[in-house]
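**Student:** Need a 3D model of the following:
(chains A and B)
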Protein chains: 2
Amino acid sequence: MFTKQIIYLSLPIAVVCAFLAVQHGYSESSQERIVRIAELEIYPDQVAAYKAALKEEIETSIRVEPGVLTLYAVSVKGHPNQVRLFESYSNQAAYQSHLQTAHFRKYKVQTQNMVKSLTLIETDPILLGSKSK
Amino acid sequence: MFTKQIIYLSLPIAVVCAFLAVQHGYSESSQERIVRIAELEIYPDQVAAYKAALKEEIETSIRVEPGVLTLYAVSVKGHPNQVRLFESYSNQAAYQSHLQTAHFRKYKVQTQNMVKSLTLIETDPILLGSKSK
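**Tutor:** Okay, here's the model as predicted:
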């Protein structure tokens, strides 16, 4: 009878353990995420052309690349030629694949003479909180 | 007969126009979005405590505030005490409301002696591309 109780008890415990293991796995997988910040200075007379090329690149990447999760582009208020990008990719392979796409290469060629300076900042995610998680 | 054809043609055109108008409206509403970047330097011996307080604040804000859309927190690779936040709110009212919440005020009090410097950067969104749109 006591043995049976142990067996009955062990089932829900096993389920909880499995659940926690899956949760832990998920948390590890989100640690693979690549997050980068780019700080760009655009030549002032090229801002409109740069934004058009950037928008096209972002729209295409989000639409066709499963591993491109966010490409947020903003400019510093009052300084439309100072652009900040917040980029996240599901893992290193997705990021490397993005660099090889035709649309990214086209954007790089189109904008090479519009960009005065580019600083790339590699990051470690602390927490990426989002409504749509 | 010809008049009838015009009437039949005009219905799908009207539907398309209505659809485009709604789409335009959506695009205007996303222009209300408030996006801010915060650059923080944390006292090195306070990094763990700061991250714990920040994570709690982010989790609560995303869970209970409908107007808090993203709170992305990262640290610069190799410099765990240099923290960058990428925050977006559905509009100005949502942002002002966030500042008044108990969880945000608690975070500010908890971390006031952990933060060496804080730079807030107001931005104008160019395009916020995301898989979950």
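**Student:** Can you give me the distance of the residue nearest the centre of chain A to chain B?
**Tutor:** Centroid-nearest residue in chain A: A:S88, 1.1 Å away (criterion: Cα atoms, centre = their mean). As for A:S88, its distance to chain B is 8 Å (criterion: Cβ to the nearest Cβ, to the nearest Å). Quick note: C-beta positions are derived from backbone N, CA and C, even for glycine.
**Student:** And A:L118, by the same measure?
**Tutor:** A:L118 is 16 Å from chain B, where distance means Cβ to the nearest Cβ.
**Student:** where does that residue land in three-state SS?
**Tutor:** strand (DSSP: H, G, I helix; E, B strand; the rest coil).
**Student:** in which helix or strand would I find the nearest residue to it once chain neighbours are set aside?
**Tutor:** Among residues not flanking A:L118 along the chain, A:L40 sits closest, at 5.2 Å (Cβ to Cβ, 6 or more residues apart in numbering or on different chains). Taking DSSP states H and E as the criterion, A:L40 maps to strand A:34-42.
**Student:** Contacts made by that strand with the rest, please.
**Tutor:** A:50, A:81-92, A:94-95, A:114-125, A:128, B:72, B:74, B:84 (Cβ atoms under 8 Å, 6 or more residues apart in numbering or on different chains).
**Student:** just stretch A:111-120 next, same as before
**Tutor:** With Cβ under 8 Å, 6+ apart as the criterion, stretch A:111-120 contacts A:36-43, A:46, A:49-50, A:53-54.
**Student:** mind redoing it with 10 Å?
**Tutor:** A:36-54, A:57, A:81-85, A:87, A:108 (Cβ atoms under 10 Å, 6 or more residues apart in numbering or on different chains).
**Student:** So for that stretch, what gets flagged as buried?
**Tutor:** For stretch A:111-120, the neighbour count (16 or more other Cβ atoms under 10 Å in any protein chain shown) marks A:111, A:114 as buried.
**Student:** Give me the average confidence score over stretch A:37-52.
**Tutor:** For stretch A:37-52, the mean per-residue pLDDT is 98.
**Student:** Restricting to C-alpha, output that stretch in PDB.
**Tutor:** Presented in PDB, the C-alpha positions along stretch A:37-52 are these (Å, rounded to 0.1, in the frame of the first residue of the first chain):
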ATOM      1  CA  ILE A  37      23.300  47.700 -31.200                       C
ATOM      2  CA  ALA A  38      24.500  49.800 -34.100                       C
ATOM      3  CA  GLU A  39      25.100  53.600 -33.800                       C
ATOM      4  CA  LEU A  40      25.300  55.300 -37.200                       C
ATOM      5  CA  GLU A  41      26.000  58.800 -38.300                       C
ATOM      6  CA  ILE A  42      24.500  59.600 -41.700                       C
ATOM      7  CA  TYR A  43      25.600  62.400 -44.000                       C
ATOM      8  CA  PRO A  44      22.800  65.000 -43.400                       C
ATOM      9  CA  ASP A  45      22.000  65.300 -47.100                       C
ATOM     10  CA  GLN A  46      21.600  61.600 -47.400                       C
ATOM     11  CA  VAL A  47      19.200  61.000 -44.500                       C
ATOM     12  CA  ALA A  48      16.100  60.500 -46.600                       C
ATOM     13  CA  ALA A  49      17.800  58.100 -49.000                       C
ATOM     14  CA  TYR A  50      19.400  56.200 -46.200                       C
ATOM     15  CA  LYS A  51      16.000  55.800 -44.300                       C
ATOM     16  CA  ALA A  52      14.400  54.500 -47.500                       C
END
